[in-house]
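Enquirer: Sequence first, predicted model second:
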Amino acid sequence: MQQFLQAAVIGVSLGAQYALLALGFTLIFGILGVVNFAHGGFYMLGGYVAYSCVSLLGLPYPLAVIGAVAATAALGWVFELYFLERLIDDHLATLMLTLGLYLVISTGSLTVFGPLAMEFHFPVTGAFHFGSIYVPKENLVVLVICLTALAALWAVLFRTDLGRGLRALADDRAVAMAQGMRPKLLFPAAFALATGLAGLTGALVTPILALSPGVGDPVLATSFLTVILGGLGSLGGAALAAFIVGMVEAYTSVYFGGSIGALVLFVLVLLLLVFRPTGLLGREVRGA
Amino acid sequence: MFRKEPVLGGAEIAALVTMAAAFAIPMITKNVLVYSVLNQALVGIVAAQSVWIMLRMNLLSFATPAFMAIGGYTVAIAGRYEITDAFLMTALAFLLPALAAVPLGALVLRLRGTYFVLVTFVLSQIMQLLLFESESLTGGSNGIAGVPAVTLLGTEMMSNRQVLLFACGIAFLATVITALLTRYFRQHFAAIEENEILAESLGLVVWRYKAVGFVIAAGIAGLAGYSLVNMLLTAHPSSFSSESAVDFIAYTIIGGRGTILGPIVGTALLVYATNLFGTHGQYAQGLYGILILAVILAARGGIAGTAAAAFRRVRG
């Protein structure tokens, strides 16, 4: 029982991280129709910016996290406006542009920071004990911030004009534009929002896990799995799938270990593709 | 429905002549560096052609390393039983991945564009896991070392020159298959690339051509895996990582997706450029990234397409 609850705690905290990543990924696809291969790159960049702020500029960690969000969001904004925007309706071209950006980001990080993992630690250490359950404080902090960010994202998307505009563009771009939505402003905003979330996740999670030039790859793969499972472009689906993925990973690693968890997820995804190609909560998606 | 075309066009003939010319290089030099670069390029060219076949139908596939692994490990496992006959193993390295592609194709070809990309990416990740997990068959994280050399008509292809000549042969074979396939289905593939829904509504049985393309692209990838294992004399999961799919895609896009010359030119130039980085080969990925951005934004034809356009302009 204790092990069962322990795994649940790990699963929820993994799920919250994956949700932040997958929501950004699916937001970009839903609104812009772009598959963002650079998503893992933005996660990694968030980690490196936070690391630089802490160790080079001597900023306190919370400010470093904000710096990481600002930097990744700014890069996302610029990249959307000057690169993606020109070919926004060509799915394959935008996909390759983000792939090119990812290669540039990861090689850039490698050049600046070298191939070795960074000495980057979470400022809060120790653990809470609830009865016999053991919860590391750092995971708890990350979980709280992730849940707050998820709530904030929900509020932005469903309670503000910006969010209504973004969702309108996702539903039907032509009609939304006829109603006065401005894609030149909203598209970069959506992209920046999503990359900022990836940067936030990176800044929060890399000090706990690891920070090295390769950390973007598994993040990208997990984001893919999560959004396929949830349905490409579906926000609710992404959040639900993120927690499923987190739980599956946590329980398989606690009870079986090794890479069984990944295999279970892959099988889940393949089964889903056979029986329900649009994902758990997806519907017939644009051009996909 | 479609008009008759000559069996091969100018680009296909140029590609075949180029690949035939590659046989001459091992005959005129013994330079180890040239051998190494050429051998890597020959493996890459075959893999890039597999990517290119799918791109003809506007499908970007990350599954190439997965099918390469099937072909490569087939050869390595057969080597354990002293089965090294070149013709038999070439046939198996092509057929087994192609067979595996039949059920997989039925699964993934129901998906259009974006989903197809994501799922092929996941497929190559699954293959990585399977290679690591099925230790009794694949040697797990140790891989299979000491794969015996190919036997061609009773001769063991042991020396560096013979290995390279064999790689030339595989690459030539793959180019012939790719050229014939894409030429024969040129207009079908073009119709799917241009507008799949329109093509379907005009009576083209789209899934049939996609399936044929996917299965043969898998076979071609298997040949690349054979060539790679034969070059390294080792089959290891790291040779078939899903990240290597990015390299093959980069070769194809940067070389140019317009004709079969694209993957050949792109692979040759990028493999050469990567070797210029020497021991810092990991930085080459940055170069690929910048070139991909440049090609997509400024020169959609890639190197081969841009060169062909410039040539046409000069000639008037």
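Expert: Thanks, I have it. Predicted, not measured: the structure shown is a model, and the values here were computed from it.

Enquirer: Contact residues of the stretch 51-200 of chain B facing chain A?
Expert: Proximity of the stretch 51-200 of chain B to chain A, by C-beta under 8 Å from any C-beta of the partner chain, involves residues B:58, B:60, B:107-108, B:110-115, B:117-119, B:121-122, B:125-126, B:129, B:132-133. The way it works is simple: take the backbone N, C-alpha and C, and place the C-beta from them, glycine included.

Enquirer: I would like a PyMOL command selecting only the buried ones among the residues you listed, please.
Expert: Listed next is the PyMOL selection for buried residues among those, using 16 or more other C-beta atoms under 10 Å in any protein chain shown:
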select buried, chain B and resi 58+60+108+111+112+113+114+115+117+118+119+121+122+125+126+129+132+133
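
Enquirer: Any figure for the gap between the residue nearest the centre of chain B and chain A?
Expert: When C-alpha atoms, centre = their mean is applied to chain B, the residue found nearest the centroid is residue B:47 (1.6 Å). To chain A, residue B:47 is 17 Å away according to C-beta to the nearest C-beta, to the nearest Å.

Enquirer: For that residue, which non-adjacent residue is spatially closest?
Expert: residue B:224 (4.0 Å; C-beta to C-beta, 6 or more residues apart in numbering or on different chains).

Enquirer: buried set for stretch A:101-109?
Expert: The neighbour-count check on stretch A:101-109 (16+ other C-beta under 10 Å) flags A:101, A:102, A:103, A:104, A:105, A:106, A:107, A:108, A:109 as buried.

Enquirer: do stretch A:129-147 as well
Expert: Buried residues in stretch A:129-147, counted by 16+ other C-beta under 10 Å: A:133, A:135, A:136, A:138, A:139, A:141, A:142, A:143, A:145, A:146.

Enquirer: Helix or strand next in line after the host helix or strand of the fourth one, which one?
Expert: Using DSSP states H and E, residue A:138 maps to helix A:137-159. Heading C-terminal from helix A:137-159, the first helix or strand you meet, by DSSP H and E, is helix A:161-171.

Enquirer: Just the closest residue of the stretch 101-250 of chain B to chain A, please.
Expert: Residue nearest to chain A within the stretch 101-250 of chain B: residue B:114 (4.3 Å; C-beta to the nearest C-beta).

Enquirer: who's in contact with residue A:10?
Expert: A:139, A:246, A:250, A:253, A:254 (C-beta atoms under 8 Å, 6 or more residues apart in numbering or on different chains).

Enquirer: what secondary structure does it sit in?
Expert: For residue A:10, the secondary structure call by DSSP: H, G, I helix; E, B strand; the rest coil comes out as helix.

Enquirer: Against residue A:204, how distant is it?
Expert: Using C-beta to C-beta, to the nearest Å, residue A:10 is found at 16 Å from residue A:204.

Enquirer: I'd guessed residue B:16 sits against residue B:176; true?
Expert: Yes: here residue B:16 lies in contact with residue B:176, judged by C-beta atoms under 8 Å, at a distance of 6.9 Å.

Enquirer: which residue packs closest to residue B:248, ignoring adjacent ones?
Expert: Closest residue to residue B:248 apart from its sequence neighbours, by C-beta to C-beta, 6+ apart: residue B:47 at 4.5 Å.

Enquirer: Residue 103: what's it in contact with?
Expert: The chain I'm using is chain A. B:246, B:250, B:285, B:286, B:288, B:289, B:292 are the contacts of residue A:103 under C-beta under 8 Å, 6+ apart.

Enquirer: ok, the second one - how many residues close by?
Expert: Right, the one you point to is residue B:250. Residue B:250 has 27 neighbours, counted by other C-beta atoms under 10 Å in any protein chain shown.

Enquirer: Give me the buried positions along the helix or strand where it lies.
Expert: Assigned by DSSP H and E, residue B:250 belongs to helix B:242-255. For helix B:242-255, a neighbour-count test (16+ other C-beta under 10 Å) marks B:242, B:244-255 as buried.

Enquirer: which one among the buried residues of stretch A:129-147 gets closest to residue A:24?
Expert: Using C-beta to C-beta, residue A:146 comes nearest to residue A:24 of the buried residues of stretch A:129-147, at 12.2 Å.

Enquirer: thinking that closest one is in contact with residue A:18, fair?
Expert: No: checked against C-beta under 8 Å, the pair residue A:146 and residue A:18 is beyond contact range at 9.4 Å.

Enquirer: what's the helix or strand hosting residue A:191 packed up against?
Expert: Using DSSP H and E, residue A:191 maps to helix A:183-205. In terms of contacts (3 or more C-beta pairs under 8 Å, 6 or more residues apart in numbering or on different chains; DSSP states H and E), helix A:183-205 is packed against helix A:2-32, helix A:39-55, helix A:61-82, helix A:137-159, helix A:161-171.

Enquirer: you'd agree residue A:233 is in a helix?
Expert: No: Residue A:233 is assigned coil when assessed by three-state DSSP, not a helix.

Enquirer: show me what contacts the closest residue to it other than its chain neighbours?
Expert: Of all residues not flanking residue A:233 in the chain, residue A:30 sits nearest, at 3.6 Å (C-beta to C-beta, 6+ apart). Taking C-beta under 8 Å, 6+ apart, we find residue A:30 in contact with A:170, A:232, A:233, A:234, A:235.
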